[in-house]
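1. Fold the following.
(one chain, ligands or ions: 1)
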Amino acid sequence: MNRLFNLVNQQDNRQLLMNTIRNGRVANAYLFHGPEGSGQEGFALEYAAMLNCQSRENQPCGQCPSCHKMKTLEHGNIHLVFPIRTGSLEKNDPPFKNFGPDDMEEIQNCIRKKAENPYEKLCPFDGKHIPINFIREIRRKIYLTAPEPGYKVVIVFDADLMMEPAANAFLKILEEPPDKTLLILTTSNIDAILPTIRSRCQRLHFPALSTTDLGNHLRENGIREDRINLVMRLSGGDVRQAIQLKEADLGRLREMTLEALRMIAIWKIDKVYDLVNRFVTLRKENPDEFDRLMLSISFWFRDAAILKAGKPESDLVHADMQIEIRKFVDYYTELDAFGAYSAVDNCIDLISRNVYINLALVNMFFKIHNRIQPGKSQ
Ligand SMILES: [Zn+2]
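-> Next comes the predicted model:
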């Protein structure tokens with residue numbers, strides 16, 4: 001089966017969508033829903049491409065003029081709606097009225113990124129809502145003749161972010177859908193979609209990806225074999241997050257993890273306080289990287305426990321640090337790996353509940369130190 005966008009699996013849904021076109025049973029409106037990163041947004045784009053592909057079979061062919069324009073999301077028939085920060089608007093203002101050329105360029109950039117990687121979120125300026133003016137503008141456009149042959153397709157990403165006025169405006173489109181127009185809503189939060197909208201859409205569920213599917217996709221995208229388990233764990237199965245983790249991030253994570261463990265094992269008090277300060281700064285400046293570092297340390301002890309128990313090395317999360325973990329386990333013969341793992345886990349939990357982070361970290365480092373070499377520093 002041909003594909004236009006780089007999407008992972010969901011073969012049943014792909015087949016089902018293909019069949020609607022073959023059998024002339026394309027509905028007016030769909031609601032694609034599933035957990036973040038399962039591909040519902042990308043498949044909305046893929047379906048738009050299938051539907052407008054000019055080849056008779058193997059849609060989307062990837063070769064015809066329509067497929068070329070779809071691939072870059074520059075097709076005249078495709079209308080994308082997404083959360084955006086607008087500033088204040090009058091009733092009939094277009095949604096981008098308050099944006100200057102630089103802002104528009106940023107929006108174009110976001111759309112280009114989405115075209116390259118359909119798992120990227122299309123959410124310029126971290127918009128939290130889809131404003132009603134965006135829906136009104138779409139309404140004005142879709143009742144006009146399509147600029148190109150084929151179907152007009154409106155895709156509303158994160159449709160749950162339409163506030164009630166926007167949702168009601170959208171409902172009016174659903175009630176009187178223009179000819180040869182396909183409406184697709186996507187969401188990872190179906191409960192937040194108005195029931196009146198839900199009931200007018202055909203629903204299609206995109207289940208979370210299996211680790212096998214995600215692992216294969218990461219391999220195809222050039223992630224090193226010995227880092228695949230780590231990337232899957234760090235991303236919690238979300239393809240978008242997984243792909244965003246670059247080789248440089250993972251290399252730095254490895255260095256930071258090893259450095260922290262060295263400092264904790266040696267336990268020179270001034271070095272330990274330096275370490276605390278570095279962690280605190282990291283959390284302020286790059287919270288995602290901080291979260292990954294904490295997880296990475298917890299995986300280290302999880303892996304140490306696995307090696308101690310003589311379980312297979314293929315179970316390791318830090319496969320790229322196998323040699324270091326093996327040495328660590330052999331050197332610290334008294335290591336309570338599970339105890340150290342729990343200390344990290346507990347600290348992650350405390351920090352998420354906004355305790356005083358410096359104290360939580362010192363406490364965690366101290367507990368880890370004691371579990372690495374029990375009896376040495378008490
Ligand atoms: Zn085509």
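2. Quick one: classify Arg233 as helix, strand or coil.
-> Here Arg233 is helix, with the state taken from DSSP: H, G, I helix; E, B strand; the rest coil.
3. nearest spatial neighbour of it, skipping sequence neighbours?
-> Of all residues beyond its chain neighbours, the one nearest Arg233 is Val317 (5.3 Å), with distances taken as CB to CB, 6 or more residues apart in numbering. No exception for glycine: its C-beta is placed from N, CA and C like everyone else's.
4. surely that neighbour meets Leu230?
-> Yes. The criterion here is CB atoms under 8 Å, and Val317 meets it with Leu230 at 5.3 Å.
5. what's the overlap in contacts for these two?
-> Common contact partners of Val317 and Leu230 (CB atoms under 8 Å, 6 or more residues apart in numbering): Phe299.
6. interface residues of the stretch 1-150 of the chain facing the ion?
-> Contact residues, the stretch 1-150 of the chain versus the ion (CB under 5 Å from the ion): 53, 55, 60-61, 64, 67.
7. got a winner among those for most neighbours?
-> Within those, neighbour counts (other CB atoms under 10 Å) peak at Pro60, which reaches 27 neighbours.
8. helix, strand or coil for that one?
-> Quick answer, by three-state DSSP: Pro60 is coil.
9. need the contact list for it.
-> Contacts of Pro60 were listed using CB under 8 Å, 6+ apart, and they are 2-4, 46, 49-50, 53, 67, 70.
10. for the stretch 151-300 of the chain, what spans make up the helices?
-> Assigned by DSSP state H, counting those that start in this stretch, the stretch 151-300 of the chain shows helices spanning 164-175, 195-198, 211-220, 228-235, 239-244, 247-266, 269-285, 287-308.
11. correct me, but Phe290 touches Thr281?
-> No. Judged on CB under 8 Å, Phe290 makes no contact with Thr281 at a distance of 9.2 Å.
12. More neighbours: which of these two?
-> Using other CB under 10 Å as the criterion, Phe290 and Thr281 rank with Phe290 on top: 19 against 11.
13. Quick check: chain neighbours aside, which residue is closest to that one?
-> Counting by CB to CB, 6+ apart, the residue nearest Phe290 is Arg283, at 4.1 Å.
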